[in-house]
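Student: mind folding the following:
(one chain, ligands or ions: 2)
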Amino acid sequence: MSERIVIVEVGPRDGLQNEKQSVDVETKVALIERLAAAGCPVVEAGAFVSPKWTPQMAASDQVMARMKRRAGASYPALVPNMKGYEGARAARADTIAVFAAASETFSQRNINCSIAESLERFRPVMEAARADGIRVRGYVSCVLGCPYEGKVPLAAVVKVAKALYDMGCYEISLGDTIGVGTAGEARAMIRAVAGEIPVAALAGHYHDTYGQALANIWASIEEGARVFDSSVSGLGGCPYAPGAAGNVATEDVAYMLAGSGFETGIDLDALVETSLWISRALGRAPGSKVARALAAK
Ligand code: HMG
Ligand code: MG
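Tutor: Ligands and ions are numbered 1, 2, ... in the order given. Take a look at the predicted model:
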């Protein structure tokens, strides 16, 4: 049996949060359902953040109320504070994700507080989630660079990742928010964090601004990581990281992993169909080379 890698599909959240045009609830629901039907085991479905900060995620409650959930699939939602937690719980989220940063300036710009304040804010969220039986994932942004501060010391990444893990997050997703990192840097970063946290609890979340994300995933696999976040058609970016491109495209990751003998459970044809469909709905060409190549056949 081949080795399994878990792909966490973040397109409906990380992808669509950055759309200039408004995307209706029906399209979001259809996107989530198609991704799960294509075999994505985890589909990040929304974010319970301030609608003033990230207007595209405002209807996450409606999206989660309407979407059909597949048995065995998981549908995490982002939560920055207790207000967000109450929203996610009411929406029957099985998993939530708290999000911190390794850079102070990014933390201020993204969630309007310091790193230490954000961790304090997450404590009651963790407690409530534990009591309610909801799993909590933890994100660390700017692990390979910050749009405001430039280089970010590895020690800062390790410190925040460990704080989230010690607080009870089952998995720590390490975000190259602006997609500047290279394979050598990703390798060193995963190795440093894995010195403090079991590598099985780490995920790579690589944006593809400089076209380095697949190489970064491969370097992370060589370090033992087995969970990667990606976005169908390479949708997205972060509204608080100017110029950042979307996550690495899920089609490209699925193609690389299948060709290298890893099992993801994803049906590439169904995924590419979904990529072409959402690209048409958004009025653009797919951001995945694999989707474009297969569509041209
Ligand atoms: P704040 O303005 O400091 O919050 O924002 P506040 O507590 O002072 O409240 C201000 C207003 O927001 C109040 O409403 C609150 O009720 C409301 P008002 O009285 O003015 O009408 N409010 C909320 N509304 C809905 N849901 C909530 C919520 N909380 C407060 N949860 C806050 C602080 C954290 C809320 C804000 O900064 C925020 O929402 N930030 C989120 C920004 C965001 O969505 N960023 C993108 C996601 S992170 C990302 O993409 C990176 C990642 O992909 C990894 C990577 O790539 O690195 C995960
Ligand atoms: Mg991201």
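
Student: mind checking what secondary structure the closest residue to ligand 1 within the chain has?
Tutor: Per Cβ to the nearest ligand atom, residue 175 is where the chain lies closest to ligand 1, at 2.6 Å. In this view, the C-beta of every residue, glycine as well, is placed from N, C-alpha and C. Secondary structure assignment for residue 175 (DSSP: H, G, I helix; E, B strand; the rest coil): strand.

Student: thought residue 205 was touching it, still the case?
Tutor: Yes. At 4.2 Å, residue 175 counts as touching residue 205 under the criterion of Cβ atoms under 8 Å.

Student: find residues that contact each of those two.
Tutor: Common neighbours of residue 175 and residue 205 (criterion: Cβ atoms under 8 Å, 6 or more residues apart in numbering): 139, 229.

Student: compare those two (neighbour count), which wins?
Tutor: Using other Cβ atoms under 10 Å as the criterion, residue 175 and residue 205 rank with residue 175 on top: 29 against 26.

Student: so that one versus residue 129, what's the distance?
Tutor: As judged by Cβ to Cβ, to the nearest Å, residue 175 and residue 129 stand 21 Å apart.

Student: mind telling me what element residue 245 is part of?
Tutor: Assessed by DSSP states H and E, residue 245 sits outside every helix and strand.

Student: interface residues of the chain facing ligand 1?
Tutor: Applying Cβ under 6 Å from any ligand atom, we find that the chain lies next to ligand 1 at 14, 17, 47-50, 53-54, 78, 80-81, 83-84, 87, 99, 110-112, 139, 141, 175, 177, 205, 207, 238-240.

Student: same thing but 5 Å
Tutor: 14, 49-50, 53-54, 80, 83-84, 99, 111-112, 139, 141, 175, 177, 238 (Cβ under 5 Å from any ligand atom).

Student: and these, which are buried?
Tutor: Among the residues of the chain next to ligand 1, the ones that count as buried by 16 or more other Cβ atoms under 10 Å are 14, 49-50, 54, 80, 84, 99, 111, 139, 141, 175, 177, 238.

Student: if you look at those, which of them are in helices?
Tutor: Among those, the ones falling in helices (DSSP state H) are 84, 111.

Student: from the buried ones among the residues of the chain next to ligand 1, pick the one nearest residue 275.
Tutor: residue 14 (15.2 Å; Cβ to Cβ).

Student: residue ranges in this protein under the pLDDT threshold?
Tutor: Low-confidence segments of the chain (pLDDT under 70): 1, 237-239.
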